[in-house]
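K.L.:
test case, fold it:
(2 chains)
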2 protein chains.
Amino acid sequence: MLIVAVTGMPGSGKSCFARVLSEELNAKLIVMGDVVREEVKKRGLPLTVTNIESVATELRKIYGRGAVGLKVAETLKELQGQYEYVVVDGVRSPEEITYLRAAGDLCVVAVHAAPAIRFERELRRAREGASTLDELKFRDSKNLEYGIGDVIAMADYMIINESDVQELVGQASRLAKVIRDGLWRDRCRG
Amino acid sequence: MLIVAVTGMPGSGKSCFARVLSEELNAKLIVMGDVVREEVKKRGLPLTVTNIESVATELRKIYGRGAVGLKVAETLKELQGQYEYVVVDGVRSPEEITYLRAAGDLCVVAVHAAPAIRFERELRRAREGASTLDELKFRDSKNLEYGIGDVIAMADYMIINESDVQELVGQASRLAKVIRDGLWRDRCRG
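P.N.:
Prediction:
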């Protein structure tokens, strides 16, 4: 089983990329954020931003900066043999990478866009919890604190997403082909 | 004066990129590593890897993780008005970025290659001080400790250098044109 971990700063387009890549590979898609959302639901709490944040913080307090990766690794063990490819959307820390690497072969894909482009995109779509420039910068700094920079710097594949969705979809298709052709074996370290 | 800071992991090709970019822009090229080498010479010490490392460590102990950036910022002040563009090769920490940003308009360019490709390149050229895979991994981890991941994640321009030198030179030419055309103004934040 090949695990393809997708990382990227907020607004980079990583989730769009991960979704298309998973479809092209007939892969199981695991969204890291959903893992936390399920924990919130398990505890019978309403799915608010505050509850999601506090459960995520609690998990990290108990299991460290790789907490969500540990949860995903458990799911990956259950999926063993059922899928050839699994795409994990939203990896943020080197510790998460360590847990995923222990669960199978791993390729790390980073999706990048310049901060100016990401901020403009995010302000246009004005998602909940981040609608001003200060909030976006704060969210960036939280991601960097988790160590996402290290994950991006060490990515096996770098995707630049500064154009439109069509272009991003094309890049996901091309990477899917590279992976299906087995070319990832020379690229992605054990 | 526009400062173009070039960052990238060891073996990414950042120095080659920075050199070509500076030529295309008729820019002054400042190599961060040279700043430390000059400090070593100023102290009358021979230019050995050990002396360079220990002077760099000492500078950082006194002036913090941005020490070399602080030295470069002093040089930049002296160059004010003499050059339209200055290319700074080898930025590694967010603190260095902060010092450079205080010295003028700043664009950050990251040069990326997958670790597998960087390692293969580096083992082929077998530079002094890093000729085994373990040494290369150690050098990577030192760079990440300085916070290079944060600088890469926040780069205004991302250059992928996984092909050959001709291709890299082409990318440097194209970025030089973008910069000369003033398109950096919308891209690079204050």
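K.L.:
next, find the distance separating the residue of chain A most remote from its centre from chain B.
P.N.:
Distance to the chain centre peaks in chain A at A:Gly44, reaching 25.5 Å (criterion: C-alpha atoms, centre = their mean). A:Gly44 sits 36 Å away from chain B, going by C-beta to the nearest C-beta, to the nearest Å. In short, each C-beta sits where N, CA and C put it, glycine included.
K.L.:
would you mind giving the secondary structure of that residue?
P.N.:
coil (DSSP: H, G, I helix; E, B strand; the rest coil).
K.L.:
what's around the residue in chain A positioned nearest to chain B, how many residues?
P.N.:
Closest residue of chain A to chain B, C-beta to the nearest C-beta: A:Gly149 (2.8 Å). A:Gly149 has 25 neighbours, counted by other C-beta atoms under 10 Å in any protein chain shown.
K.L.:
what's near enough to touch the residue nearest to the spatial centre of chain A?
P.N.:
The residue lying closest to the centre of chain A (C-alpha atoms, centre = their mean) is A:Gly90, at 1.6 Å. Counting by C-beta atoms under 8 Å, 6 or more residues apart in numbering or on different chains, A:Gly90 makes contact with A:Val6, A:Thr7, A:Lys14, A:Ser15, A:Ala18, A:Val31, A:Met32, A:Gly33.
K.L.:
now with 10 Å?
P.N.:
A:5-8, A:14-15, A:18, A:30-36, A:68, A:72, A:96, A:148 (C-beta atoms under 10 Å, 6 or more residues apart in numbering or on different chains).
K.L.:
and these, which of them are in helices?
P.N.:
A:Lys14, A:Ser15, A:Ala18, A:Met32, A:Gly33, A:Asp34, A:Val35, A:Val36, A:Val68, A:Val72, A:Glu96, A:Ile148 (DSSP state H).
K.L.:
what bridges to the nearest residue to the first one once chain neighbours are set aside?
P.N.:
Just to be clear, that refers to A:Lys14. Leaving aside its sequence neighbours, A:Lys14 sits nearest to A:Gly8 (C-beta to C-beta, 6 or more residues apart in numbering or on different chains; 3.3 Å). When bridges are called by DSSP bridges, A:Gly8 pairs up with A:Val111.
K.L.:
quick check, pLDDT for the residue nearest to A:Ala110 when sequence neighbours are not counted.
P.N.:
Closest residue in space to A:Ala110, ignoring its immediate chain neighbours: A:Ala155 at 3.6 Å, by C-beta to C-beta, 6+ apart. You'll see A:Ala155 listed with a pLDDT of 98.
K.L.:
hang on, isn't A:Ala155 packed against B:Ile117?
P.N.:
No: A:Ala155 is beyond contact range of B:Ile117, at 11.4 Å (criterion: C-beta atoms under 10 Å).
K.L.:
quick one, which of the two is more surrounded?
P.N.:
Each of A:Ala155 and B:Ile117 has its neighbours counted (other C-beta under 10 Å); A:Ala155 has more, 24 against 19.
K.L.:
no further questions, thank you.
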